[in-house]
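J.: When you get a sec, could you give me coordinates for this:
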Amino acid sequence: MSVISVLEHALESRWEAMWARVVDKDPVELLDALRHECDSNVVVCSESRVVVPNAYDVVLADGVHDELTRRDSSVGQELTDTLMRHAEHKGYEWAGPLTVHITRSSAVPNGRYHVASRVMTHVSAEGFEHVTH
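T.: Next comes the predicted model:
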């Protein structure tokens, strides 16, 4: 392993350990679920180009959502950063700008989470040009 890979792995481990202290659920499972969602939806375009969805929805149970957002307002950014590092490590290309959207729901079974992905096309500035008459 290169020095940078070792450093990245150490930082990821510390982040996952911090999550484990924040929530009584295992946050590593949530991070693994995001990575798995990404890996499960790859599209191999060529030998050198593998595209993955760019929009991820994480639905958290009410209690888990409250706990995470109370202690750290940048949870979505941290999940995005973790997923970005995962994709870089695997050599994936995003289908557009990467987003991880977190919501809460009382309908999440067993007080856990639900992760889903999709390809969200980016919005072109051309669609917002004003028409002058």
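J.: all helices for the protein, in order.
T.: Using DSSP state H, the helices of the chain run over 3-22, 27-40, 62-71, 75-90.
J.: quick one, which of the ones you listed is nearest to Ala116?
T.: helix 27-40 (7.0 Å; CB to CB). Every C-beta, even on glycine, is put in place using the N, C-alpha and C of the backbone.
J.: What are the contacting residues of the closest one?
T.: Applying CB atoms under 8 Å, 6 or more residues apart in numbering, the contact partners of helix 27-40 are 16, 19-20, 52-53, 56, 58, 79, 82-83, 86-87, 90, 92, 100, 113, 115-117.
J.: And for stretch 102-113?
T.: Outside of stretch 102-113, the residues within contact range by CB under 8 Å, 6+ apart are 25, 30, 33, 57-66, 68, 75-76, 79, 114.
J.: Enumerate every residue touching Thr80.
T.: Contact analysis of Thr80 by CB under 8 Å, 6+ apart lists 98-100.
J.: Just the ones of those residues in strands?
T.: In this view, the contacts of Thr80 that belong to strands under DSSP state E are 99-100.
J.: Run through the bridge partners of the closest residue to Val43 other than its chain neighbours.
T.: Excluding its sequence neighbours, the residue lying closest to Val43 (CB to CB, 6 or more residues apart in numbering) is Val51, at 4.7 Å. Bridge pairing for Val51 (DSSP bridges) gives the partners Val43, Glu93.
J.: what residues are up against Val59?
T.: Taking CB under 8 Å, 6+ apart, we find Val59 in contact with 102-105, 108, 113-116.
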